[in-house]
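Chemist: Just the structure for this:
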Amino acid sequence: MSLETWIRTTLEERLAPLALTVEDESHRHAGHAGWREGGETHFNVDVVSAAFEGKSRVERHRMVNALLDEAFTRGLHALALRARTPAEAER
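Modeler: Numbers count the residues shown, from 1 in each chain. Here you go, the predicted structure:
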């Protein structure tokens, strides 16, 4: 299973998102730290979930990073993250 698929599946199963975008941006980081041939080193994730209700931005990021901890051992180098509640997504 690709890392992109693993990230998507993990977030879908654990956060039941109303919206989820997982984009491999590794090609934009060619030659930079952590980049490797074949990609799957740099991802941009935008997730909308009720699981974030009542949590600060830092708490949301910690929650997602904890869920994706294994991804970092599998080669993920950088994660750009946007974590919103359903109400925030409507704005």
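Chemist: and residue 84, bridged to which residues?
Modeler: residue 48 (DSSP bridges).
Chemist: what's the burial count for it?
Modeler: By other CB atoms under 10 Å, the residues close to residue 84 number 19. In this view, the C-beta of every residue, glycine as well, is placed from N, C-alpha and C.
Chemist: now residue 49
Modeler: A count of nearby residues for residue 49, using other CB under 10 Å, gives 23.
Chemist: What's the mean pLDDT across stretch 83-91?
Modeler: Stretch 83-91 carries an average pLDDT of 94.
Chemist: Using neighbour counts, pick out the buried residues of that stretch.
Modeler: 83, 84, 85 (16 or more other CB atoms under 10 Å).
Chemist: Three-state assignment for the residue nearest the centre of the chain, please.
Modeler: Nearest to the mean C-alpha position of the chain, counting by CA atoms, centre = their mean, stands residue 45 at 3.9 Å. Recorded secondary structure, residue 45: strand (DSSP: H, G, I helix; E, B strand; the rest coil).
Chemist: from what I can see it touches residue 65, true?
Modeler: No. Taking contacts as CB atoms under 8 Å, residue 45 lies outside contact range of residue 65: 10.5 Å.
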